[in-house]
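Chemist: My questions are about this predicted structure, shown below with the sequence.
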Amino acid sequence: MLIKSIVVGPLEVNCFIIADETCKKAMVVDPGDEPDRIMDIIKNNDFVVEYIICTHGHFDHVGAVSDLKKATDAKVLIHKDELEIYSAAKDMAAFWGYDLDPLPDPDVLVEDGEDIAVGDLSFKVFHTPGHSPGGICLYGEGIVITGDTLFAGSVGRTDFHGGDTNRLKESFKRLMSLPENIRVLPGHGPETTIDREKRENMFSDELLL
C-alpha cells in the first residue's frame, strides 16, 4: 500500500491518496482544494484513480472534487446521509467567503459496513455521525482515515448544521474500540494512533474510556 498525503487549501485539509502499490489503482480521500497539486501526485506515480471519497461534505473537504472528477472520471462516493450537506457545500463556502465550483452528483451513496476495494486493498465504511450527519471513516490495512470525526487530541466541532455532540461521542467510542496500534489519518493536523487517543484525547476522560 502506498499512502501519499498533501495539505490543501486555506483550512489546511489533509488529502490522502491511497494506492495498491502493485496495480497502481487508487482512491483520493477529501480533495479539498488545489486540484493541480493533487493531480501532480497522481500523474507522477501513474496512479489510476477509481474513487474520490468524501468523508463528509463540508466545502473545505470537497473543493477539488469537480476538477478531479473531470480529470480522472473516478466515482464520487459519499454516505447517503451526507447528501444534503454535500449539496449545500457551495453555499456554505460562499458564507465563509470562498468560491466553490458546482459539485458533480455523487456516483455512489454508501452505508455503514460496506467495503471499498482498491486493487487488493480493502477498507470498511464506518458511519461516524456527529460532526455531520453522514460523516464516514475508512478502516483497513492498518489505518483508519477519520475525516473530521477524530483528530490528534481532539474531535470535530458539532456547531455546524447537522452536528450532534451525542452522536459524535458514540462515533468516538466506536473508533476507540479499534486495535490500539491502528494509525489514525485525520482530516486536519498530524497523524496519531488509537492508543494515543485513548490516553490523551479530551473525549477519553469525558467518556471514561
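Modeler: Arrived safely, thanks for sending. Numbers count the residues shown, from 1 in each chain.

Chemist: Might you list the low-confidence residue ranges for this structure?
Modeler: The model of the chain has pLDDT under 70 over residues 205-209.

Chemist: Grab the most central residue of it for me.
Modeler: Centroid-nearest residue in the chain: T55, 3.2 Å away (criterion: C-alpha atoms, centre = their mean).

Chemist: residues contacting that one?
Modeler: Neighbour list for T55: 29-30, 61, 135-138, 145-149, 187 [criterion: C-beta atoms under 8 Å, 6 or more residues apart in numbering]. (Glycine included, C-beta is placed from N, CA and C.)

Chemist: just checking, what packs against the helix or strand encompassing S5?
Modeler: In this structure, S5 is located in strand 2-8 according to DSSP states H and E. In this structure, strand 2-8 packs against strand 13-19, helix 35-44, with contacts taken as 3 or more C-beta pairs under 8 Å, 6 or more residues apart in numbering; DSSP states H and E.

Chemist: Could you quantify the relative orientation of that strand and helix 35-44 as an angle?
Modeler: Angle, strand 2-8 to helix 35-44, by axes from the mean of the first three to the mean of the last three C-alpha atoms, to 10 degrees: 160 degrees.

Chemist: P179: which of the helices and strands packed on strand 2-8 is closest?
Modeler: With C-beta to C-beta as the criterion, P179 lies closest to strand 13-19 of the helices and strands packed on strand 2-8, at 18.9 Å.

Chemist: Same question for the longest helix along the chain: list its buried residues.
Modeler: Of all segments of type helix in the chain, defined using DSSP state H, the longest is helix 165-176. Residues 167-169, 171-172, 174-176 are the ones in helix 165-176 that count as buried (16 or more other C-beta atoms under 10 Å).

Chemist: cool, and stretch 176-191?
Modeler: Buried, per 16+ other C-beta under 10 Å, within stretch 176-191: 176, 178, 182, 184-188.

Chemist: what's the closest of those residues to L77?
Modeler: Using C-beta to C-beta, G187 is the member of the buried residues of stretch 176-191 that sits closest to L77, with 15.8 Å.
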